[in-house]
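J.: A predicted structure for the sequence below; I have some questions about it.
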Amino acid sequence: MILGVIRLVIFVADTAVFLVAVLLASLVGSEAKLAYRVAAYWAWLNLRLCGVRVEVQGREHLDPARSYVFMSNHCSNLDVLALVVTLWEFQLRWVAKEELLRIPGFGWGLRATKQIIINRADHAQAMASLARATERLRKGISVVFFPEGTRNAGALRPFKKGGFVFAIQTGSPIAPIAISGTLGILPRGRWLVRRGGRVRVTVQPPIATEGRSLEDRDALLSAVTESIGSAIARTPAPTREATAPRGFAGRLRVRTSAMPTRSGGRA
């Protein structure tokens, strides 16, 4: 408990420092790429702080020069940090509900890094936000959906169709991702990480959407659900251990299986 409290205090302090840096960086560039990169280092630092080791499989399926629609299961607030570190070479923007803007500090960070904010009660606004996101895919930015819509309790929830419609309309490949281990480290409703542990992230082969119509959205939804579900099912239960991740991309290297041989990527 004491260690958890110490970690929380340090998390609040470093988040305040990084928030200022992100806000300043957001003044550079129309797509907030520098601001996102600063935020990515915040994610990496706080995974270290929590004693989390991220192990990745399947990253060789991805081309860092392409933009994707990433779709992942969602169990814990740590999922976002794990995805940032796993997909370090990509510029990621999440489709997030408008209610998150009300969280002090966090809402500022969402705006500064130009996340895709959706008002679920206003269909026209939601469609306008996704239309703007379509243009950003052409500028080297990838979009992340948690298709369950909210965190689950360990078992996949039914996927919502919005992300699949978006992928079809933009012709972007969908890259399914399965995350295991975050729920045991930081369950829903908890703020204290008492012990670290191992998180396993599996990147599945992307599924093409070019040439598909909206009539194919249910088939795509089923294919992505099956892809993520099968990856979760074959992933051994992660062990919990108080171990920080090692550096990746020089100082920041995540221990992985089947690591891609090329480094580089977009800033």
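T.: Now that the structure is in, tell me what you want to look at. Residues are numbered from 1 along each chain as shown.

J.: Run through the chain and note the low-pLDDT ranges.
T.: When residues are selected by pLDDT under 70, those of the chain lie in 123, 194, 237-267.

J.: which residues sit against the helix or strand hosting Leu110?
T.: Following DSSP states H and E, the helix or strand that holds Leu110 is helix 106-112. Residues lying outside helix 106-112 but in contact with it, judged by CB atoms under 8 Å, 6 or more residues apart in numbering, are Leu19, Val22, Leu23, Ala25, Ser26, Ala32, Ala35, Ala39, Ala96, Leu100, Leu101, Ile117. Yep, even glycine has a C-beta here, placed from its N, CA and C like the rest.

J.: Report the buried members of those.
T.: Listed as buried from those are Leu19, Val22, Leu23, Ala25, Ser26, Ala32, Ala35, Ala39, Ala96, Leu101, Ile117; burial here means 16 or more other CB atoms under 10 Å.

J.: Going by distance to Ala13, which of these wins?
T.: Taking CB to CB as the measure, Ala13 lies nearest Leu19 of the buried ones among the contacts of helix 106-112, at 10.9 Å.

J.: Which secondary structure elements does the host helix or strand of the closest one sit against?
T.: Assigned by DSSP H and E, Leu19 belongs to helix 2-25. The contact analysis (3 or more CB pairs under 8 Å, 6 or more residues apart in numbering; DSSP states H and E) places helix 2-25 against helix 33-49, helix 106-112.

J.: Which residue ranges of the stretch 51-200 of the chain form strands?
T.: Ranges of strands within the stretch 51-200 of the chain are 52-57, 69-72, 91-97, 116-118, 141-145, 174-180, 197-203, based on DSSP state E, counting those that start in this stretch.

J.: so which of those is the most packed in?
T.: strand 69-72 (a mean of 26; mean count of other CB atoms under 10 Å).

J.: which helices and strands does that strand pack with?
T.: helix 78-86, strand 141-145, helix 162-170, strand 174-180, helix 217-233.

J.: possible to save those as CSV with distance to Ser72?
T.: Shown next, in CSV, are the helices and strands packed on strand 69-72 (distance: least, CB to CB, whole Å):
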stretch, distance to Ser72
helix 78-86, 6
strand 141-145, 7
helix 162-170, 11
strand 174-180, 4
helix 217-233, 7
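
J.: Mind checking the ones you listed for the one nearest to Trp44?
T.: That would be helix 78-86 among the helices and strands packed on strand 69-72, by CB to CB, at 5.5 Å.

J.: can you give me how far that closest one is from the chain middle?
T.: Distance, stretch centre to chain centre, for helix 78-86: 5 Å (CA atoms, centre = their mean, to the nearest Å).

J.: what helices or strands is it leaning on?
T.: Counting contacts by 3+ CB pairs under 8 Å, 6+ apart, helix 78-86 is packed against helix 33-49, strand 52-57, strand 69-72, strand 91-97, strand 174-180, helix 182-185, strand 197-203.

J.: Pull out the buried residues from the helix holding Leu110.
T.: For helix 106-112, by 16+ other CB under 10 Å, it's Gly107, Trp108, Gly109, Leu110, Arg111, Ala112.

J.: Look up how far Asp14 lies from the first one.
T.: What that stands for is Gly107. Note on Gly107: its distance to Asp14, by CB to CB, to the nearest Å, is 18 Å.

J.: With the last one instead?
T.: Counting by CB to CB, the gap between Ala112 and Asp14 amounts to 16 Å.

J.: One more: the second one?
T.: With distances taken as CB to CB, Trp108 is found 16 Å from Asp14.

J.: Determine which of the helices and strands packed on strand 69-72 approaches Val201 most closely.
T.: Minimum separation from Val201 across the helices and strands packed on strand 69-72 (CB to CB) falls at helix 78-86, 4.6 Å.

J.: circling back: so of the helices and strands packed on strand 69-72, which one's packed in deepest?
T.: Mean neighbours per residue, mean count of other CB under 10 Å, is largest over the helices and strands packed on strand 69-72 for strand 174-180, with a mean of 25.
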